[in-house]
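Undergrad: coordinates only, sequence not included:
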Ligand SMILES: CC(C)(COP(=O)([O-])OP(=O)([O-])OC[C@H]1O[C@@H](n2cnc3c(N)ncnc32)[C@H](O)[C@@H]1OP(=O)([O-])[O-])[C@@H](O)C(=O)NCCC(=O)NCCSC(=O)C[C@@](C)(O)CC(=O)[O-]
């Protein structure tokens, strides 16, 4: 099979141009992961970083770490033929550092205009051309390819409109210095297709081959995609862009980032023009990096496509649950009220025990009495052979607003024995839930805060309504998610936990679903009931003993992965499941008889003395 060469080349500049103006430090690991994801999405040219002074661009102060990382070094190996990983260098020192790190391609840059040249690189255009020429010459001698950039092709923030002749001068100088291509930068994002057309005509009519030019359009005035298309129709085939539309210009207040890679790929693919990029993976990467940077995704196509994908996934999930519930259980499952202790309601349906937080006026905040009763209720369900699942949900607007912060009731700011008692209440609750041998399900009818998030994440599974969200709000109160961290960090992962804890931001239902932290989102309360019913019906096919042992295997892998304890634990589970008096014997018998097992009926049959192992 021959691999078709893409008809246009996308030069992904997100890791450099996209990140360089972001004030908050982006962790090096995030940059490395971004590069990995972009490569995985099929991008064949990725500008990795810029070797500049950390004083000039603090965000890229980790350029040596990025270039020295094994995953990036691997990109410089000869078997990466056909791929380009340029690194921006402003001067000879930057070039030397880049070359020492094995970089095979650098990019040099100049401004077509005096004002921006002075502000950006503190020299005149002439000096800039000379400096870029020197760097390019040395790079060529070292066998390193050189790409050139010309900034402010249409306008300078200080000097106004850019004469075409000034752009021509820069382009021809860079090509003469050995650049294999020159990228025309509309740094302020002010140009529109007619400007693009005129400039390209001017340059090509003055002898610049179109295949030596690339387009680098920022999107301040929403013209970038149109500019790319215009340049394409003029014969240009290389375009710089940035995933999620990352970027900006410090000299152009309000300036948007680069044209979004997703928008370009979407446009080209719709026109039947190949880019070699996997749009779905690129969209995922755009969403991912936007979340990492806590900023909204600037790619219009990226946003639209990710919403479409999520709603399709949702429709599928809902369709499955509706089919299940409609085919066998046209009406909602019936729950019988067992008791109503303070702030709670306990219901039962077959082998399912449902605990409803019922203090809606206070957002279902966990009072001392609720904590104690919840713990004892879950404890007795844990040892009840006729309970297979424990469901925790709530009434009212919120799922649970966490620890009680009431004026007269909150144990916060009391210290001493009050603090010890509260610590014991919280840890006991989360521990009985986390170590429960039953399948535990949080059904989040609305937002959860602090300890409410802990409650949800100490459960095995979560379903939620579209209006639900998880907020680790403790830092706002001067507190920390202490007792719940054990479960939250485990389920969310280290990096995301840190971000969620430190930002105290509401992580909405869509994001929870996208991160795999909830297994279904319902559009409203009624649909949430249907989603839970569907899940409970499906779980009837899963044996309680098999579920308990599976939970134990996950625990062993998490706590003791690769150690002796895990090996011993697995042996213990294996021996148990193979016993002649274990549930496996029943499951096997029914399988061999061609019958579908209803484990709820089996458990309840045991209660009535009917079911036999
Ligand atoms: C939830 C919103 C956004 C709603 O904000 P809103 O929509 O503006 O409504 P609201 O603030 O009027 O809240 C509705 C009612 O719920 C009450 N309420 C609400 N939360 C609580 C609470 N926790 N304790 C006691 N009462 C609470 C609140 O006081 C009010 O009662 P009202 O004044 O009408 O009588 C707002 O009320 C809020 O920010 N609440 C605080 C949420 C929060 O930060 N929870 C974290 C608690 S700390 C914690 O859980 C520590 C822990 C367990 O993690 C430590 C550890 O892990 O060890």
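TA: Okay, I see it. From a predicted model like this one, the values you see are computed outputs, not experimental measurements.

Undergrad: Okay, now the unreliable bits of the stretch 451-600 of the chain?
TA: Scanning the stretch 451-600 of the chain for pLDDT under 70 picks out nothing.

Undergrad: same question, the stretch 251-400 of the chain
TA: Where the stretch 251-400 of the chain drops to pLDDT under 70, the residues are 251-255, 310-331.

Undergrad: For the stretch 401-550 of the chain, what lies in contact range of the ligand?
TA: Within the stretch 401-550 of the chain, the positions lying close to the ligand (C-beta under 6 Å from any ligand atom) are 401-406, 426, 449-451, 454, 473-474, 477, 479, 481-484. C-beta: built from backbone N, CA, C; applies to glycine.

Undergrad: And the chain, by the same measure?
TA: Of all the residues in the chain, those in contact range of the ligand (C-beta under 6 Å from any ligand atom) are 362-363, 365, 401-406, 426, 449-451, 454, 473-474, 477, 479, 481-484.

Undergrad: and if we set it to 5 Å?
TA: On the criterion C-beta under 5 Å from any ligand atom, the ligand has as its neighbours in the chain the residues 362-363, 365, 401-406, 449-451, 473, 481-484.

Undergrad: What subset of these is buried?
TA: Burial by neighbour count, judged by 16 or more other C-beta atoms under 10 Å, picks out 362-363, 365, 401-405, 449-451, 473, 481, 483-484 from the residues of the chain next to the ligand.

Undergrad: Okay, and which of those map to helices?
TA: Restricting those to those inside helices, with DSSP state H as the criterion, leaves residue 451.

Undergrad: Point out the ones among the buried ones among the residues of the chain next to the ligand that are inside strands.
TA: residue 449 (DSSP state E).

Undergrad: List the residues that contact residue 108.
TA: In this structure, residue 108 makes contact with 88-90, 132, 135-136, 146-149, 174, 177, 179, judged by C-beta atoms under 8 Å, 6 or more residues apart in numbering.

Undergrad: Spell out the secondary structure type for it.
TA: Here residue 108 is recorded as strand under DSSP: H, G, I helix; E, B strand; the rest coil.

Undergrad: per-residue confidence for it?
TA: In this model, residue 108 is scored at 97, pLDDT.

Undergrad: Return the set of residues that bridge with it.
TA: Residues found in beta-bridge contact with residue 108 (criterion: DSSP bridges) are residue 148.

Undergrad: Quickly note the distance from it to residue 226.
TA: Taking C-beta to C-beta, to the nearest Å as the criterion, residue 108 is separated from residue 226 by 28 Å.

Undergrad: can you tell me which residues contact the residue of the stretch 251-400 of the chain found nearest the ligand?
TA: Across the stretch 251-400 of the chain, no residue is closer to the ligand than residue 365, which sits at 3.2 Å (C-beta to the nearest ligand atom). Counting by C-beta under 8 Å, 6+ apart, residue 365 touches 359, 400-406.

Undergrad: Swap in 6 Å and give it another go.
TA: Under the criterion of C-beta atoms under 6 Å, 6 or more residues apart in numbering, the contact list for residue 365 reads 401, 404.

Undergrad: And the one 10 residues further on, by the same measure?
TA: Counting by C-beta under 6 Å, 6+ apart, residue 375 makes contact with 428-429, 432.

Undergrad: Now do the SS call for it.
TA: Following three-state DSSP, the label given to residue 375 is helix.

Undergrad: Start the count at 241 instead of 1 going forward.
TA: In the new numbering, first residue 241, that becomes residue 615.

Undergrad: The residue of the stretch 741-853 of the chain found nearest the ligand: neighbouring residues, count only.
TA: Relative to the ligand, the nearest point of the stretch 741-853 of the chain is residue 744 (8.3 Å; C-beta to the nearest ligand atom). Counted with other C-beta atoms under 10 Å, the neighbours of residue 744 add up to 16.

Undergrad: what bits of the stretch 241-390 of the chain have low per-residue confidence?
TA: Residues of the stretch 241-390 of the chain that meet the criterion pLDDT under 70 lie in 241-244, 319.

Undergrad: Swap in 50 and give it another go.
TA: With pLDDT under 50 as the threshold, the stretch 241-390 of the chain has low-confidence stretches at 241-243.

Undergrad: Show me what residue of it gets nearest to the ligand.
TA: Across the stretch 241-390 of the chain, the shortest distance to the ligand (C-beta to the nearest ligand atom) belongs to residue 264, at 23.4 Å.

Undergrad: So that residue lies in a helix, does it not?
TA: No - following the definition three-state DSSP, residue 264 is coil and is not counted among the residues of a helix.

Undergrad: For it, give its distance to residue 742.
TA: Relative to residue 742, residue 264 is positioned 11 Å away (criterion: C-beta to C-beta).

Undergrad: State the three-state secondary structure for residue 273.
TA: In three-state terms, and counting by three-state DSSP, residue 273 is helix.

Undergrad: Then the one 10 residues further on?
TA: Assigned with three-state DSSP, residue 283 falls in the coil class.

Undergrad: Give me the distance between residue 360 and residue 722.
TA: From residue 360 to residue 722 the distance is 47 Å (C-beta to C-beta).

Undergrad: domains of this structure?
TA: Per the record, the chain has its domains at 249-538, 576-647+657-779, 784-847, by automatic domain parsing.

Undergrad: Could you give the separation of the first one from the chain centroid?
TA: Between the centre of domain 249-538 and the centre of its chain there are 24 Å (C-alpha atoms, centre = their mean, to the nearest Å).

Undergrad: Now do the helices in the stretch 291-440 of the chain.
TA: Taking DSSP state H, counting those that start in this stretch, the helices of the stretch 291-440 of the chain run over residues 303-308, 310-313, 332-340, 354-361, 365-381, 404-416, 433-445.

Undergrad: Which of those sits closest to residue 635?
TA: Of all those, it is helix 310-313 that lies closest to residue 635, at 49.3 Å by C-beta to C-beta.

Undergrad: by contact count, what packs against that closest one?
TA: On a contact count with 3 or more C-beta pairs under 6 Å, 6 or more residues apart in numbering; DSSP states H and E, helix 310-313 meets no helix or strand.

Undergrad: could you redo the last one with a cut-off of 10 Å?
TA: Here helix 310-313 touches helix 268-280, helix 303-308, going by 3 or more C-beta pairs under 10 Å, 6 or more residues apart in numbering; DSSP states H and E.

Undergrad: possible to save those as a markdown table with mean neighbour count and distance to residue 776?
TA: Formatted as a markdown table, the helices and strands packed on helix 310-313 follow (neighbours: other C-beta atoms under 10 Å; distance: least, C-beta to C-beta, whole Å):
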| stretch | mean neighbour count | distance to residue 776 |
| --- | --- | --- |
| helix 268-280 | 19 | 37 |
| helix 303-308 | 19 | 49 |
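
Undergrad: Enumerate every residue touching the nearest residue to residue 521 once chain neighbours are set aside.
TA: Setting aside the residues directly before and after it, residue 521 is nearest to residue 281 in space (C-beta to C-beta, 6 or more residues apart in numbering), at 3.8 Å. Under the criterion of C-beta atoms under 10 Å, 6 or more residues apart in numbering, the neighbours of residue 281 are 252, 483, 501-502, 505, 516-526.

Undergrad: so residue 251 bridges to which residues?
TA: residue 285, residue 480.

Undergrad: quick one, phi psi at the nearest residue to residue 690 once chain neighbours are set aside?
TA: Take residue 690 and drop its neighbours on the chain: the residue closest to it by C-beta to C-beta, 6+ apart is residue 642, 2.9 Å away. As for residue 642, its main-chain torsions (degrees, to the nearest 10) stand at phi 90, psi -150.

Undergrad: How many residues are close by the nearest residue to the residue of the stretch 241-390 of the chain closest to the ligand once chain neighbours are set aside?
TA: Across the structure, with C-beta to C-beta, 6+ apart as the measure, the residue nearest residue 264 apart from its sequence neighbours is residue 533 (7.8 Å). For residue 533, the count of nearby residues is 18 (other C-beta under 10 Å).
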